[in-house]
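Asker: Let's see this in three dimensions:
(chains A, B and C)
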Amino acid sequence: MDAILLQILNGLDKGGAYALIALGLTLVFGTLGVVNFAHGALFMLGAFCAVTFQKIMTFSKQVKDESITFFDAYKEIPYLEIWFGETGTMLIDWVVPLSILLAIPVMLLIGLIMERGLIQYFYKRSHAEQILVTFGLAIVIQEIIKSFFGANPIPTPAPEIVAGSANIGALFGLSDSVVYPYWRLIYLAFAFVVIGAVFAFLQFTTFGMVVRAGMADRETVSLLGINVERRFTIVFGIAAVVAGLAGVMYTPILPPDYHIGMDFLVLSFVVVVVGGMGSLAGAVAAGFLLGILQSFASMNEIKAIFPGIDQIIIYLVAVVILLTRPRGLLGRKGVMED
Amino acid sequence: MKIFKLSRNDTILMLGFAIAILLMPIWLQPIGAAYPDLLQKFAIFGLFAIGFNILFGLTGYLSFGHAVFLGIGSYTTVWTFKLLSMNVVPAVIFGTLLAGLFAVVIGYVSLRRTGIYFSILTLAFAQMSYNLAYSVLTPITNGETGLRVLRDDPRVLDGLFGVVQEGSPVGNFFGINMQGYPGFYFCAVVLIIGFFISLRIFRSPFGLKLTAIKSNQNRMRYTGFNTRPYLLWAFVISGMYAGMAGSLMAVTDPLAGAERMQWTASGEVVLMTILGGVGTLIGPMLGALLIKYFENIFSAFNESALHDMFSFLPSLLENLMVTVVHPFVGDGWHLTLGTLFMVIVIFLPGGLVEGVTRLFKRRKSDGVSAKNPGPES
Amino acid sequence: MAENIVLNIQNVDKTFGGLQALSNVNLQIEEGKIHAIIGPNGAGKSTLLNVCIGRLEPTSGTVRFDGEIITGKTPYEINQAGVARVFQTPEIFPELTILENVMIPALAKRDGAFSFNPFKLMSDETDILKEAEHVLEDMGLIDQMHDHSGSMSRGDKRRLELAMGLVQRPRLLLLDEPTAGMSRADTNATIETLIRIKERGMTKVIIEHDMHVVFSLADKISVLAQGAIIAEGVPDEIRGNPKVQEAYLGGAH
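Answerer: This is a model prediction of the structure:
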């Protein structure tokens, strides 16, 4: 029982990341009609927003290390600590959550530039061409990041106060073996908040209403004299921010490197397809579902029966779903069938 | 003989192709690309791209998992080397056939869907194979280390015929070692045969039907065609080309690793085909040639080589140029590749062949030109 | 009479959700005749045609072609059995030349639903070429046959559609408004062509709005209104039928 609970929890945070990326991917597809292979790169850029912010915050000065007396030793002390003392140390500790503030405007800007600079010219081109050009863009972005930050994963720890683990098992009256890092709980909560915010935005604002109408029937909405394209540009920006935030918050769970985006992209694409192209609820549901499935598949008991199943489970599910339910779990009829 | 029959123009094309390929060691000399390792790569990736084009170019189905067949070809070839003989003929035949067998299975399942769903299905199969090759299948694939030929492998056939292996085992064609120039010429001959088959497919009713499926599959069904077996054959043929290319990789260098199956490798063959011209005959070869050439040139550069290159400039300018160019070369070759990908798709969606055709014919392109394999054109 | 019925539509119903598109349609098409189906917009004419070629499956009832049930068969099986369709909106192969567009259906007729012949040469297919050229000659498209079909005018595309149907020499040809969108001159030319090939013993079902076309071609007319057949007979009977006039005047326009 507790093993099952643990696996569900383990799956949820990864599922949260899948859901957030897939949400933007399917939003962009549903509105702009563009298959964006560079969406994973946005996730990665978000993660590197956190890395950059950490670099800025820990900008250091070399000072003589007084504790070592028998030779001249130097240590690095961040300027923030020198200037603000304790407060500075705390700011550095909280660098990941704080970088959300940086990531929102930066990702929005990147999203808008990407859409206006490239994506808008591909609305009417074939899906194959969209895939290819955004695939190229994704390579370019990740190589640029590589040349700035190197090829190795960069650790970006969570704030000290949430570095420990919660004893979930005790909470549910199970054994003590179900412990779960606080940060993963935070990530999960964060994912829910962001997903909720996106849905609320689409459901309750006029802007969201137009976007939803545009997703359902773009031509008609354009005929009403509403400038759908401008709104769609903003939708792309929002998708970029969502992916970016997912990336920022994921850094303490997995130290980011330049190809983290590609790794997540392929899986998120599978998530989108399983959920149903253009279905927001489908993307979220499939994200969590596949996250949990993956986590179950990596249990030793399961692996003993089906060796290697953890490596392929997501793809296997995708193949089965695509063959039995061609439009995915919640997909609309007629989307991308040609 | 009827089987070798071609129209006059196609005969010229075929002869031109064969001569150009066989003479590569000469005409690539001035640009510093005429050494065997690179020449082998040209031929192998050319074959890969030509085969990929039979699927993507004729039917329009974009597979993002073709590297799987490359990997299967390599593994099978190395296993044939290990178990049967270092002779390359059985190795290449088995590699091609097994890749074809896998293509039947993967194609049968993937082709039940079209468009992006097809692409995702092929990608899913590729990722599964790649992940499995690294994990549970280690006894067959030797995991991260890669599969190699060892001195004390059984090699039943070689033992039977008393072929003695001296030193570390090398693939051979009835006694001729498949390394260096002989290796290249072997690959080149296979490539030329592959090109000929592709040419004949393009000019056949089968090829015309595939193009019609690409143009309007629904109409094909109402015209009386069961389109799925056509697509499956195209998929299997292109899978076999990929398997053969993978075999040749192992022939020239008896080693197989899982990274050959990664989806970036699948992406590379897509790029080659697009760069040269999707659905054209020589486009894929051209694309493979250019990409492998530039990969080779660009990744060889390092910072000091760049400084040498720009040393004629004033030092401030020299440093500036080096800073600008540096991210694109050496390890940054992928950056160039990605940029190239974008530039081609944005500005020249028909690829180089169409670009050249447009330049020569000087007429507005409206989907005319090289896109279609007509009986005459 | 029963032996020369080519297409036999029996008790066909088709509902979309709650909407009754066809209700208990019974229709017999005789061999060698041109049978027109007319009716106001939304009467279910296209639905009926789609049921016949396997694009839609009827909710109940059967369609027999040559005595064999074809409901539930795939479109290509129905075509191979001898039913070809000319589409209302041109469904051609825009990337191919006009000639190739016509050779494709000719190949379907000769090779069947699937044949693997990657080593034949198109340039050796002289019989296919001759057939295609013959039909293109009939349709007046022979001079431009090496042009790409995607850039043809709409009227020419309709004629190409017709050529693609005719080249298969099907036992039954279903024409969905073959002259819609054509100029008067083109319409007349098409009527002439259809009359000219009438002698070849091909059975045709025509759905048509243009009464001029219907009355100059049809041997028999069925009138469809709100999913049901309300009248059937030779052109003169239909012309004077008060039910038909009512359907058109008070119909779903």
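
Asker: Could you find the closest non-adjacent residue to the residue sitting nearest the centre point of chain A?
Answerer: Per CA atoms, centre = their mean, the C-alpha nearest to the average position across chain A is that of A:Ala246, at 3.3 Å. Using CB to CB, 6 or more residues apart in numbering or on different chains and skipping the chain neighbours, the partner closest in space to A:Ala246 is A:Leu20 (3.6 Å). (C-beta placed from N, C-alpha, C; glycine too.)

Asker: Secondary structure element for that neighbour, which one?
Answerer: Element membership of A:Leu20 [criterion: DSSP states H and E] is helix A:2-32.

Asker: Sort out which residues of that helix are buried, please.
Answerer: Judged by neighbour count (16 or more other CB atoms under 10 Å in any protein chain shown), helix A:2-32 contains these buried residues: A:5-7, A:9-32.

Asker: Check which helices and strands it sits against.
Answerer: helix A:39-57, helix A:168-171, strand A:179-181, helix A:182-204, helix A:206-216, helix A:228-250, helix A:260-275, helix A:280-297 (3 or more CB pairs under 8 Å, 6 or more residues apart in numbering or on different chains; DSSP states H and E).

Asker: could you dump those to TSV with distance to A:Ala304 and mean pLDDT?
Answerer: Putting the helices and strands packed on helix A:2-32 into TSV (distance: least, CB to CB, whole Å; pLDDT from 0 to 100) gives the following:
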stretch	distance to A:Ala304	mean pLDDT
helix A:39-57	32	92
helix A:168-171	24	66
strand A:179-181	24	78
helix A:182-204	26	91
helix A:206-216	45	81
helix A:228-250	30	90
helix A:260-275	24	84
helix A:280-297	12	90
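
Asker: out of those, nearest to C:Met122?
Answerer: helix A:260-275 (37.7 Å; CB to CB).

Asker: Work out the gap between that closest one and the centre of the chain.
Answerer: 10 Å (CA atoms, centre = their mean, to the nearest Å).

Asker: That helix near chain B anywhere?
Answerer: Yes - counting by CB under 8 Å from any CB of the partner chain, chain B has neighbours in helix A:260-275: A:Val266, A:Phe269, A:Val270, A:Val273.

Asker: Might you report the residue contacts of the last one?
Answerer: The reference is to A:Val273. A:Ala318, A:Ile321, A:Leu322, A:Gly328, B:Ile116, B:Tyr117, B:Ile120 (CB atoms under 8 Å, 6 or more residues apart in numbering or on different chains).

Asker: Quick one: name the residues of the stretch 101-250 of chain C near chain B.
Answerer: C:103-105, C:107-109, C:111-125, C:128, C:146, C:148, C:150-151, C:164, C:168.

Asker: The same query, at a cut-off of 6 Å, please.
Answerer: C:104-105, C:107-108, C:113-114, C:116-123, C:148 (CB under 6 Å from any CB of the partner chain).

Asker: between these, which is closest to B:Ser266?
Answerer: C:Pro118 (24.2 Å).

Asker: circling back: between all of the contacts of A:Val273, which two are separated the most?
Answerer: Farthest pair in these, by CB to CB: A:Ile321 and B:Ile116, 14.5 Å.

Asker: Quick check on C:Ile92: phi, psi?
Answerer: phi -110, psi -170 (degrees, to the nearest 10).

Asker: How many residues are close by the residue nearest to C:His146 when sequence neighbours are not counted?
Answerer: Nearest residue to C:His146, sequence neighbours excluded (CB to CB, 6+ apart): C:Thr97, at 5.4 Å. Neighbourhood size, C:Thr97 [other CB atoms under 10 Å in any protein chain shown]: 22.

Asker: thought C:Thr97 was touching C:Gly150?
Answerer: No - with contacts counted by CB atoms under 6 Å, C:Thr97 stays clear of C:Gly150, the gap being 9.7 Å.

Asker: biggest helix in chain B by residues?
Answerer: helix B:227-252 (DSSP state H).

Asker: Counting by contacts, list what the next helix or strand after it packs against.
Answerer: Using DSSP H and E, the helix or strand that follows helix B:227-252 in sequence is strand B:255-256. With contacts defined as 3 or more CB pairs under 6 Å, 6 or more residues apart in numbering or on different chains; DSSP states H and E, the packing partners of strand B:255-256 are helix B:67-83.

Asker: so whichever helix or strand comes after the helix it packs on versus helix B:67-83, what angle?
Answerer: Under the assignment DSSP H and E, the closest C-terminal helix or strand after helix B:67-83 is helix B:88-110. Using axes from the mean of the first three to the mean of the last three CA atoms, to 10 degrees, the inter-axis angle of helix B:88-110 relative to helix B:67-83 is 150 degrees.

Asker: For the nearest residue to B:Gly100 once chain neighbours are set aside, which residues are in contact?
Answerer: The shortest distance from B:Gly100 to any non-neighbouring residue, by CB to CB, 6+ apart, is to B:Met240 (4.2 Å). Contacts for B:Met240 (CB atoms under 6 Å, 6 or more residues apart in numbering or on different chains) come out as B:Thr96, B:Ala99, B:Gly100.
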